[in-house]
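Next comes the sequence, and after it the predicted model I'd like to discuss.
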Amino acid sequence: QTPTTVRVDGSSTVFPISEAVAEEFQRAQRGAVRVTVGTSGTGGGFARFCRGEIDITGASRPARAAELEACRAAGIRFIELPVAFDALTVAVHRDNTWARQLTVAQLRTIWEPAATGRITNWRQVDPSFPDQALTLFGPGTASGTFDYFTEAIMGRSGQSRTDFMASEDDNVIVMGVARDRGALGYFGMAYYLANQDRLRSVSVVPAAGGAAVAPTMDNVIAGTYQPLARPLFFYVSERALQRPEVRQFSEFFLNNGARLSREVGFVPLPAEAYTIAAGHLRDNRFGTRFAAGTPTIGVRIQEVMQREPR
Amino acid sequence: MKPTAPTEAKAVAQNLSFYYGNGAQALKSINLTLAMNCVTALIGPSGCGKSTFLRCFNRMHDLYPGNRYEGQIVINPDSINILSPEIDPIEVRMRISMVFQKPNPFPKSIYENVAYGLRVRGVRQRALIDDKVEEALRGAALWDEVKDRLHALAFNLSGGQQQRLCIARALATDPEILLFDEPTSALDPIATDSIENLIGQLKNKVTILIVTHNMHQAARVSDFTAFMHMGELVEFGATDVIFTTPKQKRTEDYITGRYG
Amino acid sequence: MKPTAPTEAKAVAQNLSFYYGNGAQALKSINLTLAMNCVTALIGPSGCGKSTFLRCFNRMHDLYPGNRYEGQIVINPDSINILSPEIDPIEVRMRISMVFQKPNPFPKSIYENVAYGLRVRGVRQRALIDDKVEEALRGAALWDEVKDRLHALAFNLSGGQQQRLCIARALATDPEILLFDEPTSALDPIATDSIENLIGQLKNKVTILIVTHNMHQAARVSDFTAFMHMGELVEFGATDVIFTTPKQKRTEDYITGRYG
Amino acid sequence: MSIAPQELQAVRSMIAAHKRWDHIFALSALLAMLFCVLVLLALIVSMVADGYHRITLDFFTSFPSRHPDRSGILSAWVGSILVISVTVLSAVPIGVAAGIYLEVYAKRNWLMDLIEINITNLAGVPPIIYGLLALGLFVHMWGLGQSILTAGLTLALMILPVVIMNTREAIRSIPQSIHEAAYALGATKGQATLHHLLPYSKGGILTGVIIGTATAVGETAPLITIGALTFIAFLPPAPVTEVFPFISFAWIMDPFTVMPIQMFNWVSRPQPAFHELAAAAGVVLMLITLAMNALAIWLRYRYRKRIRW
Amino acid sequence: MSTTRSRFHPQHSRHVKERVVQFILFLSALSAIAITVAVVTILVVESMGFFRHVSIWDFLTDTQWTPLFAEPRYGILPLVTATLVVTSIGLLVAVPLGTLAALYLGEFAPHKVREVCKPALEMLSGVPSVVYGYFALLLVTPVLTLIIPGLSGFNMLSAGLVIGVSIVPFVSSMSEDAMRAVPMDIREGSYAMGATRLQTAWYVVFPAALSGIVAAYILAMSVALGQTMIVAIAAGQQANFTLDPTQPAATLTAYIAQVALGDVAHGTIEYQSIFAVGLVLLLMTLVLNILGHYLRRRYREVY
Ligand SMILES: Nc1ncnc2c1ncn2[C@@H]1O[C@H](COP(=O)(O)OP(=O)(O)OP(=O)(O)O)[C@@H](O)[C@H]1O
Ligand SMILES: Nc1ncnc2c1ncn2[C@@H]1O[C@H](COP(=O)(O)OP(=O)(O)OP(=O)(O)O)[C@@H](O)[C@H]1O
Ligand SMILES: [Mg+2]
Ligand SMILES: [Mg+2]
Ligand SMILES: O=P([O-])([O-])[O-]
């Protein structure tokens, strides 16, 4: 008898959770169900999801209008499950002693499209910084992290300078930052926590004159790590949910998500959020609670969960 | 020049010309008759076309693209032109066997080498093959030397033995004509001697055409000799006549070693 | 058998034996004297060791591992044993040149081919090289044919011209002995003729040892002839004597074509 | 012509000078070569040093995991074997058949010239281009997905020219006189091929197949192109089943991972523990590919030695 | 007589069987053409989609390659220069090492050394490229950083050096083949003139084999061009229009791998862009291969 397969793909930010859930779920099922986990990035994952190639896609941002449209056109409905909170972390080399904190404005100076080929030295970011070449690493354009970061910092998703080293694989970004004294990069918190000995995180100052906030679990829970705290999601396809193993996987995730998220380095949602999500799953309440264009920046997840789906 | 018609004709080459794929004409309108159960020797300087002529008799040239025959070779008793395009070269080769310059046994056992011609002809009966192999090996004067190691690899034989094995291989299928292309040029004198004796015995059963660069060998083994030069047949006749009183100056020059 | 001591000895092989790397003994205790400014021909059936013997004279066998000489070859006037391990083979080759069976010019210009020996010897002066090249090409009877295209590729020459080029190449360094290994076997009769004439002229200046499989050639060009068989020197003497009244049965058999 | 002693002396010192250059050159060339061999050794040593303590039985019987010390290459080596089986089973018959056709049957004409040009050019096409072909053709047009079948076929395309060229080389190394001997006895081309050419060239053909397979085992780029970088912690269904017909091909459409991809995955993780795993996987992978190459080199050597035409 | 004549009846069954077998073999041989057609068709068709959006002029002259960003630029030059830089470094390593190794193995090495070193050298080409990538990233780059302070964590230099080592066997074994094709009697001709091994190798063998040796360089170059994993792992994945080997830069192959790692949707311009890049890569290697084979055939014809 061929074991059944659950196909998960999508966000590389969510990947550590997906991987952990997949691993534990397969162990719990004693090999009766198999799970594949890809890392195509949020955008790549939605593309495959809306083509019906995969059952579940991880996302580090809510689905976009174009993606919702693609899914609708293909007749694919889904349930949106929140996974955890992430502190999108800006990281620098361990030896970087100057950039302990950066303002949103400074991040914009560094990353805005106009910076391409121009802002290449730390001194250009702040005159007090040393004369050190600035090298940048970041997620590829198929990444939700890229979309979220650009939206949060530049105000418009996808607006970014282009002369940085982009990779869909956050591990590559970590490695790049860890190796270069003048490097700066951004990625999900889990990747920072797994590599704390090789990187330093940068505290973010939301607005001029405000206090710098470090990307920590506590600050995320307290809602002060703004604007870079964000929710992560799973999107589960309706058609796939008709297969028991996909439903089992989703339920397994909702029951163990809090524990596993914490283990891999994300901030678990309040218990209430998982309960609401379990209700959506049980009642087959399809659709996204994030109307396209509605900001996700600075929202409380329980409130959004209660919204009417679209 | 017309050959004097000898005893009975086994094969007759008529106006035979041959062109290699590169366009070079290697044979120029050759007329030659092979006498039944006689040995005919082809002599001539290197590159004169001896091998080319010999290899027409089993359509060996068909293996390579672009080669072209003109004229015909008629074999008796059935008067068939073996160069005719309707005739499958494989049929021709089943009736006319060939022994090459360098011994070229297959890297198989002695037995399998001799049996191969039969296998190709679809013979399956083990007993029949056994008989034929023994007969052929005896015919090639090799039986006594190898009868205890028929299943040993043929490569382990000496050069002379290998060449006799190749003769046995050719004999096993009862060919009507046997072609030899300088069969002893890679062999030592003793092996050469045994092959020459063998040819003397074989001509009782089969018509033989032999190319040799050694005039003395031609004198020793053949009944008729043809002298070729630059693709032409210069002179043809009984061997003793050719070697004692050649009619052509070129033949005489060659035989007395003025060139070659 | 002892050779009758001829005029003046240029080189003397004494008890020369030779073993190939695979252990096979190719020469068996050969004693032979090369007369100064004479042509000595080596004849014998294929594989008897002619080339092996010849190639001892310029230590060509040293190029391949495992080969072994026994005995000595002493060259005059300085009475050096050129096979002695103390003597560098390169030194030997600088004094004794060789022409091969197949013309083997370097893929360079005609001029560079002839100049090569000088360059190897470290000669740099352009004028000197020019002179030597012309002299050597004249010596090889090739000057007139190539003087207008000295810088054309040597490969574009005909076979006979290429062989003469190789002779010129060997001559350019004023060798004391010139070795020829079947120098005409790859050539047509006309080219052969010109090489044979050339050898006749060269012997005024240089001692020549030539291997040939063509007895008529040996008779035509040489003063002395040595007949070898299975690695042994069977008979040695003045060419006219050897070809008319050989003392040994084997020599006679070979010369009259009883084998080979 | 006599040689004056001092002249001989000059010649001797010149020869000595020339020979000194000989030795200097030989030494530097030897060093150059040893450098390459040393790089190979350094590569092996550094990987073994990093990874050897990970190579335990568990390493081969565990699936990859987010916990480095629980990770293994079970799904990777099984995947490699299955993918390579598909590759060999598809490339070898076609490659050998094509080689035979070109050596034995083909007549010289424009079509054969075209085929030959194609084969030599295909041999020089970068592997990643085959990945693009597979992405466009197998994954999207034929809808085979990112399956074992797609991967196997992709690598098959890649090694096909190798198999064809080695087959031709092997057949060509049989002397013409053996071909002619067979035909002279009345053999047809089919018979000559079956009875002589194939048996005598099997060593060479095998060598080519092994070399091609070794390349395929270590190849990563074309598989990445078809999108095979996936977390796989399970095995495909077994090809042998308990119920009739006892053979199942369900595995062929399964998702997969292979050794080099697993290694690539671990290389690109930043934590040193995963680099150790990468090194361990690299050691295993190298052992496999180098052993196959060594086998091929040895086979070639042995066949060359055994058959002296 | 009649029995003899009967031997000439054609055996039809044999003919039919032979024909069928021959036809199957023929189809197999045709597969080579089929694959080429498939490769070219896929690349050209997808690229045509690409070139509907991007002018060929921009493609060939723009110096920025950012097809994945909000304001995409489609200048292939950065990828091409990076490819050429990496390949050149590779050749700078492989050509001297490979040629020296070939000369040594072919003309100098004692039999025993040859027996050991030649297979060891060939082993270099058996090392999987991902292993080389590991080697470049985790061993060579850290060592180079000690020597070159300004070296980026990802850089073309270490990728190029490692590629160089990996293609040494291509250079050495093909050069050696070319030198071996020089007939022994030409070598003997030189030795007989009193030449040393070096003189023979340098004045006679090397020039005689030159076209084959150059063919070896060219084919090694085409292998280096197509190398993917080493550059993808060690040279970085950022299109960077620079000739400075200490900088990171994405090659043609690295770009394809990078996009493929993030599954872009079928039919989008990003998806088509990897085929356009693939087409450029194919054309570059094709030119080199044709040149290489032409040169190789030339030395085969001479002897
Ligand atoms: N395959 C070929 N293609 C083109 N020309 C050829 C071919 N084989 C032989 N020739 C030419 O045909 C002529 C006759 O060659 P053939 O081999 O028949 O000579 P031969 O008398 O047998 O010489 P030898 O005594 O050297 O064997 C020669 O000029 C030769 O160069
Ligand atoms: N490199 C070698 N290794 C081993 N044995 C060899 C080698 N070269 C020649 N022989 C053997 O040495 C013997 C003498 O060979 P050689 O080449 O000197 O004969 P030859 O008289 O020149 O013959 P030919 O007239 O055919 O050139 C032969 O039995 C040959 O098989
Ligand atoms: Mg012939
Ligand atoms: Mg000889
Ligand atoms: O989570 P992402 O991989 O889409 O950045």
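That came through fine. Ligands and ions are numbered 1, 2, ... in the order given.

Residue D:210 reaches residue D:295, doesn't it?
Yes: in terms of C-beta atoms under 8 Å, residue D:210 counts as a neighbour of residue D:295; the distance is 5.8 Å. (Glycine included, C-beta is placed from N, CA and C.)

and residue D:129, how far is that from chain A?
21 Å (C-beta to the nearest C-beta, to the nearest Å).

Which pLDDT value goes with that residue?
Per-residue confidence (pLDDT) for residue D:129: 95.

Within range of ligand 1, give me the residues from chain E.
Nowhere does chain E come near ligand 1, counting by C-beta under 6 Å from any ligand atom.

domain parsing for chain E?
Per the record, chain E has its domains at E:2-52, E:77-302, by automatic domain parsing.

show me where the stretch 151-300 of chain E has helices.
Along the stretch 151-300 of chain E, counting by DSSP state H, counting those that start in this stretch, helices occupy E:156-180, E:184-192, E:197-199, E:206-208, E:210-226, E:229-234, E:252-261, E:269-302.

which of those is buried the deepest?
Counting by mean count of other C-beta atoms under 10 Å in any protein chain shown, helix E:229-234 has the highest mean neighbour count of those, with a mean of 31.

Can you lay out the helices of the stretch 151-300 of chain E as CSV showing mean pLDDT?
What follows is the helices of the stretch 151-300 of chain E, written out as CSV (pLDDT from 0 to 100):
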stretch, mean pLDDT
helix E:156-180, 92
helix E:184-192, 90
helix E:197-199, 90
helix E:206-208, 89
helix E:210-226, 91
helix E:229-234, 90
helix E:252-261, 88
helix E:269-302, 86
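
before we move on, back to that, so for chain D, which of the domains of chain E sits nearest?
Nearest to chain D among these is domain E:77-302; the distance by C-beta to the nearest C-beta comes to 2.3 Å.

any bit of the closest one sitting next to chain C?
Yes: Domain E:77-302 lies within reach of chain C by C-beta under 8 Å from any C-beta of the partner chain, at E:110-111, E:183, E:185-186, E:188-196, E:199, E:203-204, E:207-208, E:302.

from those, which are also near chain D?
Applying C-beta under 8 Å from any C-beta to the residues of domain E:77-302 next to chain C, one finds that E:196, E:199 fall near chain D.

Am I right that residue E:29 is in a strand?
No: counting by DSSP: H, G, I helix; E, B strand; the rest coil, residue E:29 is not found in a strand; it is helix.

So it sits against residue D:98, correct?
Yes: counting by C-beta under 8 Å, residue E:29 touches residue D:98, with 4.2 Å between them.

Pick out whichever of these two has more residues nearby.
Using other C-beta atoms under 10 Å in any protein chain shown as the criterion, residue E:29 and residue D:98 rank with residue D:98 on top: 28 against 24.

What strand or helix carries the more buried one?
Residue D:98 belongs to helix D:74-100 when assigned by DSSP states H and E.

Quick check: buried residues in that helix?
Within helix D:74-100, the residues that count as buried by 16 or more other C-beta atoms under 10 Å in any protein chain shown are D:74-80, D:82-84, D:86-88, D:90-92, D:94-100.

Does chain E have contacts with that helix?
Yes: Helix D:74-100 lies within reach of chain E by C-beta under 8 Å from any C-beta, at D:93, D:94, D:95, D:97, D:98, D:100.

Can you give me the distance of residue E:140 to residue A:112?
35 Å (C-beta to C-beta, to the nearest Å).

Show me what the top helix by length along chain D is packed up against.
For chain D, the longest helix by residue count, based on DSSP state H, is helix D:5-51. If you count contacts as 3 or more C-beta pairs under 8 Å, 6 or more residues apart in numbering or on different chains; DSSP states H and E, helix D:5-51 packs onto helix C:89-95, helix D:272-306, helix E:77-103, helix E:111-123, helix E:129-135, helix E:156-180, helix E:197-199.

Ramachandran coordinates for residue B:207?
Note on residue B:207: backbone dihedrals following degrees, to the nearest 10 are phi -80, psi 130.

ok, and the closest non-adjacent residue to it?
residue B:10 (4.1 Å; C-beta to C-beta, 6 or more residues apart in numbering or on different chains).

In three-state terms, label that neighbour for me.
strand.

quick one: contacts for residue D:53?
Residues near residue D:53 by C-beta atoms under 8 Å, 6 or more residues apart in numbering or on different chains: residue D:276.

Over to residue D:157?
D:91, D:130, D:133, D:134, E:35.

so residue E:118 touches residue E:105, yeah?
Yes: counting by C-beta under 8 Å, residue E:118 does reach residue E:105; the two are 5.6 Å apart.

coming back round to it: moving C-terminal from the longest helix of chain D, which element do we reach first?
Later in the chain than helix D:5-51, the nearest helix or strand by DSSP H and E is helix D:57-61.

for that next one, packing partners?
For helix D:57-61, the packing partners by 3+ C-beta pairs under 8 Å, 6+ apart are helix D:74-100.
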